[in-house]
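Asks: The following comprises the amino acid sequence and a computationally predicted model.
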Amino acid sequence: MHVLGICDRGADRDAVERVCDRLVDRLEREGRVGVVRYDATIADGTAVHDSTTVGGDVSYELGADGDWAASGTGLGVGDALDRLASDCAYAVVVGVEDLRHPTVVVGTDDADEEGVVAAVEQSGDLDPDAVAAELESREPHETLHSLVDRVKRSPKADQAGAIATFTGRVRAKDDADDARTQYLEFEKYEGVADERMAALETDLEARDGVLEVELYHRTGVVEDGEDIVFVVVLAGHREEAFRTVEDGINRLKDEVPLFKKEVTVEDEFWVHERS
């Protein structure tokens, strides 16, 4: 699922609504769209700024503290995106600053901010096709659950008796006395890493009894305790599923050019330079 943020830079409510509507309409041509709407209100219910209502196939409202506005379950933006990832091709997040995803800002033509893919003063300045194309080139948001759901929808799923998975996460320490790792930062060799990942999936799927393979590795900053990499294998039996998961993560680490920087409370370094 590709995620797009929309943020207000002093635009009036109608301008933001029109930009949102145009982008949602454009993305709906390609697939199902979920909308996460941030309703910026303070504790007494007074609006900090005008809220925005947009379309989409699924819509969630978040309160000013990041809770679900309706149910108060404490789920935030990340949780909303995780829930949408299995069922939607796109998610549009309205009104959330510092989103880790491509963003369109409304109310300025200054696109110099990191992560901003378009900056417009009004909806007429927007090129929805260009935004959609740029969004497709960016890393999608995936979860273990969304990848498992994807292989379950495979035309070959009737032949499957097993799904095996691996999840790699950021480890805070190797030993109790180690300096705590705050986050890892991953960069990929553009144009090569994705090709190698796709080729590896194809190679693993050619094995007898293996029906579908999904490999996913995050890039950018991944904080302590967060998931980094997933391997999901749909197979006829558990033996080939387990073997393929193990081979999949080992070969991904060996064959896909990804570079890791580790940032601890005491130091930071690129792992390949220290090895």
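Replies: Happy to help now that I have it.
Asks: confidence score at Arg32?
Replies: At Arg32, the model reports a pLDDT of 88.
Asks: quick one: it from Glu239, how far?
Replies: 36 Å (CB to CB, to the nearest Å). (Glycine included, C-beta is placed from N, CA and C.)
Asks: And Val96, by the same measure?
Replies: According to CB to CB, Val96 and Glu239 sit 45 Å apart.
Asks: same thing with Asp12?
Replies: 62 Å.
Asks: Please apply the same query to Gly191.
Replies: Taking CB to CB, one finds Gly191 at 36 Å from Glu239.
Asks: Of those two, which one has the most company?
Replies: Glu239 (12 against 7; other CB atoms under 10 Å).
Asks: Can you tell me the SS state at that one?
Replies: helix (DSSP: H, G, I helix; E, B strand; the rest coil).
Asks: which residues does it contact?
Replies: Counting by CB atoms under 8 Å, 6 or more residues apart in numbering, Glu239 touches Gly209.
Asks: and Glu268, what are its bridge partners?
Replies: Going by DSSP bridges, Glu268 is paired in beta bridges with Val263.
Asks: thought it was touching Val221?
Replies: No: in terms of CB atoms under 8 Å, Glu268 does not count as a neighbour of Val221; the distance is 11.8 Å.
Asks: who has more neighbours, these two?
Replies: Val221 (15 against 11).
Asks: so where does the more buried one fall, helix or strand?
Replies: strand 220-223 (DSSP states H and E).
Asks: what sits up against that strand?
Replies: For strand 220-223, the external contacting residues (CB under 8 Å, 6+ apart) are 100, 139, 170, 182-186, 228.
Asks: at 10 Å what do you get?
Replies: Applying CB atoms under 10 Å, 6 or more residues apart in numbering, the contact partners of strand 220-223 are 100, 139, 168-170, 181-188, 228-229, 260-261, 263.
Asks: Give me the sheet partners of that strand and which way each runs.
Replies: Paired neighbours of strand 220-223 in the sheet (DSSP bridges): strand 181-188 (antiparallel).
Asks: dump the residue contacts of the closest residue to Gly236 other than its chain neighbours.
Replies: Nearest non-adjacent residue to Gly236, counting by CB to CB, 6 or more residues apart in numbering: Gly209, 4.3 Å away. For Gly209, the contacting residues are 159-162, 235-237, 239-241, 243-244, by CB under 10 Å, 6+ apart.
Asks: let's go with 6 Å and repeat that
Replies: Residues in contact with Gly209 (CB atoms under 6 Å, 6 or more residues apart in numbering) are 235-236, 240.
Asks: Same question for Asp8.
Replies: Asp8 makes contact with 16, 106, according to CB under 6 Å, 6+ apart.
Asks: Check the one 3 residues further on too.
Replies: When the contact criterion is CB under 6 Å, 6+ apart, the partners of Ala11 are 106-107.
Asks: Using the three-state scheme, assign it.
Replies: coil.
Asks: Could I get the pLDDT score of it?
Replies: 85.
Asks: and what of the one 10 residues further on?
Replies: The confidence metric pLDDT takes the value 90 at Asp21.
Asks: So it versus Asp175, what's the distance?
Replies: 54 Å.
Asks: Which of the two has more residues huddled nearby?
Replies: Asp21 (16 against 5).
Asks: Surely the more buried one is within a strand?
Replies: No: Asp21: not assigned to a strand; according to three-state DSSP it is helix.
Asks: Surely Val232 is in contact with Ala164?
Replies: No: with contact defined as CB atoms under 6 Å, Val232 does not count as touching Ala164 (7.7 Å).
Asks: Looking at those two, which is more packed in?
Replies: Using other CB under 10 Å, the more surrounded residue of Val232 and Ala164 is Val232, with 27 against 19.
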